[in-house]
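# how would this look folded up:
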Amino acid sequence: MNVLILAFALISALYWLSISVLWFRYMKTLPVFRVTDCSNDEAIYPSVSVIIPACNEEESIDQAVRQLISQDYPHLEVIVVNDRSTDNTGAVLEKLKGQYPQLKVITIYDLPPNWLGKNHAMYQGVKEAEGEWLLFTDADVMFSPRSIKKTVGYALEHMLDHLTIAPDLYYGGVFYRAFLAYFVFAVTATVMFTKKVGVGAFNLVKKSVYNEIGGYEVIALQPLDDMSLGTLVVNKGYKQGFGLPSKGFITVKWYANLFTALKGFEKNLFASLNYRVLAVIGLCLFSLVTNVYPFAGLFFGPVWARALCSISLLSMFAVYNQLSKFIDISRSYVLFHPISALLYLGAVINSTVKALSRGGIEWRGTVYSLKELKK
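I've put the predicted structure just below:
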């Protein structure tokens, strides 16, 4: 038993030491986009088409469109795809359309086979887009003034083909904030290793590159459409950039609370593991050893195992301390790390069980079978 405990402690310590070293190096390379940054008003900016899928978004779509229309950008069109909404989204968009000629509204009434709803909406939006660059975003994302000019300017300066930015999230209570801190760490660490990323709130890509990689037709049945698009860009050899926002640069109220966030993961997490049960089991075991065990191992087991666990926890604290400089969290949230990890694993297991039991995933009232999703 002591040998097994020592093995767990050693795996955890090596993992967190490696992560912390790589983390500090990687975070130094990421640009941080700030509301107060100046944009180059003398530069020649390409035309941009912003594409927003909207399904029952009556509460946020008005403000989202107005903030985009009011951007200080010379050649901007906004395309909203009303995807089978059953609330007042359509009426809100018709009113906005009468006020803003640069707004295009596309209405979808039926979903064709072999498509996910959001992916199909994006695809239809691109067909109407006239811009040299495409900005894919969501109906609840709010843009600060001049944010598009600053991000496009950065993409041009660094000769990028694709730029994606994580949004500034509205936060709830302590447990929710702690869980989001864990989630942001997990996603950023994954990007750090894979060098492939896409964020639904802000995916800016050259239209020519989008066409070259096949666009949304290639990822028609991918629930993680944002990451899938970013992966396509890198796999085809194009240059990608990833950045972080300062407070208020690009904001989104993600989920109302922790419960709805965990519920919202239902459609994504099993898909993120390519619908492989063995991958789910492997993730759970590895996460228990590296994210949960060190907190218990600090108090129980052989002295050497405790020492190794203390190394894991110190490395973990260093990561959270660094993360707190980029997003609005407290470094003390490291104390909630094992709870957040267990909640995340619970969401992974729930996503897996629900998908297998119903034979597919449910998204916005539509069920998509695993058979068609695995195509």
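# When you work out contacts or count neighbours from here on, use the C-alpha atoms and nothing else.
OK.
# Could I get the full set of strands for the stretch 251-375 of the chain?
360-363, 366-369 (DSSP state E, counting those that start in this stretch).
# What are the structural domain limits within the protein?
Structurally, the chain divides into domains by automatic domain parsing as follows: 2-27+265-373, 31-166+201-254.
# count of neighbours near Thr188?
Residues within reach of Thr188, counting by other C-alpha atoms under 10 Å, total 19.
# Over to Lys236?
11.
# now do the one 3 residues further on
Other residues within reach of Lys239, judged by other C-alpha under 10 Å, total 15.
# And Lys374, by the same measure?
Close neighbours of Lys374, defined as other C-alpha under 10 Å, add up to 11.
# Now do the same contact list for it.
Taking C-alpha atoms under 8 Å, 6 or more residues apart in numbering, we find Lys374 in contact with 274-275.
# before we move on, back to that, between the strands of the stretch 251-375 of the chain, which one is nearest to Tyr176?
strand 360-363 (23.0 Å; C-alpha to C-alpha).
# how about the host helix or strand of Lys95: buried residues?
Per DSSP states H and E: Lys95 is located in helix 89-99. Using 16 or more other C-alpha atoms under 10 Å as the test for burial, helix 89-99 gives 89-90, 93, 96.
# returning to that earlier point: adding mean neighbour count, mean pLDDT and distance to Arg34, write the strands of the stretch 251-375 of the chain out as CSV.
Below are the strands of the stretch 251-375 of the chain laid out as CSV (neighbours: other C-alpha atoms under 10 Å; pLDDT from 0 to 100; distance: least, C-alpha to C-alpha, whole Å):
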stretch, mean neighbour count, mean pLDDT, distance to Arg34
strand 360-363, 18, 83, 34
strand 366-369, 15, 80, 38
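# Ok, which of those comes nearest Asn114?
Taking C-alpha to C-alpha, strand 366-369 is the member of those nearest to Asn114, at 9.0 Å.
# Tell me how far the closest one lies from the chain's centre.
Strand 366-369 has its C-alpha centroid displaced from the chain centroid by 22 Å (C-alpha atoms, centre = their mean, to the nearest Å).
# which helices and strands does it pack with?
Strand 366-369 is packed against strand 360-363, with contacts defined by 3 or more C-alpha pairs under 8 Å, 6 or more residues apart in numbering; DSSP states H and E.
# who does the strand it packs on pair up with?
Strand pairing for strand 360-363, using DSSP bridges, gives strand 366-369 (antiparallel).
# List the contacts of the strand it pairs with.
With C-alpha under 8 Å, 6+ apart as the criterion, strand 366-369 contacts 116, 359-362.
# go again using 10 Å as the cut-off
By C-alpha atoms under 10 Å, 6 or more residues apart in numbering, the list of residues contacting strand 366-369 from outside reads 111, 113-117, 221, 355-356, 358-362.
# where's the dip in pLDDT among those residues?
Across these, the bottom pLDDT score, 82, is held by Glu362.
# so where is the stretch 1-150 of the chain shaky, pLDDT-wise?
By pLDDT under 70, the low-scoring segments of the stretch 1-150 of the chain are 1, 37-42.
# Now do the same contact list for Val277.
Going by C-alpha under 10 Å, 6+ apart, Val277 touches 270, 283, 349, 352-353, 356.
# Now neighbour count and distance to Tyr45 too, for those residues, in a markdown table please.
Output for those, formatted as a markdown table (neighbours: other C-alpha atoms under 10 Å; distance: C-alpha to C-alpha, whole Å):
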| residue | neighbour count | distance to Tyr45 |
| --- | --- | --- |
| Phe270 | 26 | 40 |
| Leu283 | 14 | 44 |
| Ile349 | 19 | 46 |
| Thr352 | 24 | 45 |
| Val353 | 15 | 48 |
| Leu356 | 16 | 48 |
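# Tell me what angle the very next helix or strand once past the helix holding Lys95 forms with helix 89-99.
Counting by DSSP H and E, the next helix or strand C-terminal to helix 89-99 is strand 103-108. For strand 103-108 against helix 89-99, the angle by axes from the mean of the first three to the mean of the last three C-alpha atoms, to 10 degrees is 150 degrees.
# Show me what strand 103-108 packs onto, helices and strands only.
Judged by 3 or more C-alpha pairs under 10 Å, 6 or more residues apart in numbering; DSSP states H and E, strand 103-108 is in contact with strand 48-54, helix 61-69, strand 76-83, helix 89-99, helix 117-128.
# Just put these in a markdown table and tack on distance to Phe265.
Converted to a markdown table, these look like this (distance: least, C-alpha to C-alpha, whole Å):
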| stretch | distance to Phe265 |
| --- | --- |
| strand 48-54 | 19 |
| helix 61-69 | 23 |
| strand 76-83 | 21 |
| helix 89-99 | 24 |
| helix 117-128 | 16 |
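# rewinding a little: nearest to Asn82, of the contacts of Val277?
Closest approach to Asn82 among the contacts of Val277 (C-alpha to C-alpha): Phe270, at 27.6 Å.
# who are the neighbours in contact with that closest one?
223, 276-277, 279-280, 347-356, 361.
# pLDDT score for it?
At Phe270, the model reports a pLDDT of 93.
# ok, Asp226 touching Asn119?
Yes - with contact defined as C-alpha atoms under 10 Å, Asp226 reaches Asn119; the gap is 9.5 Å.
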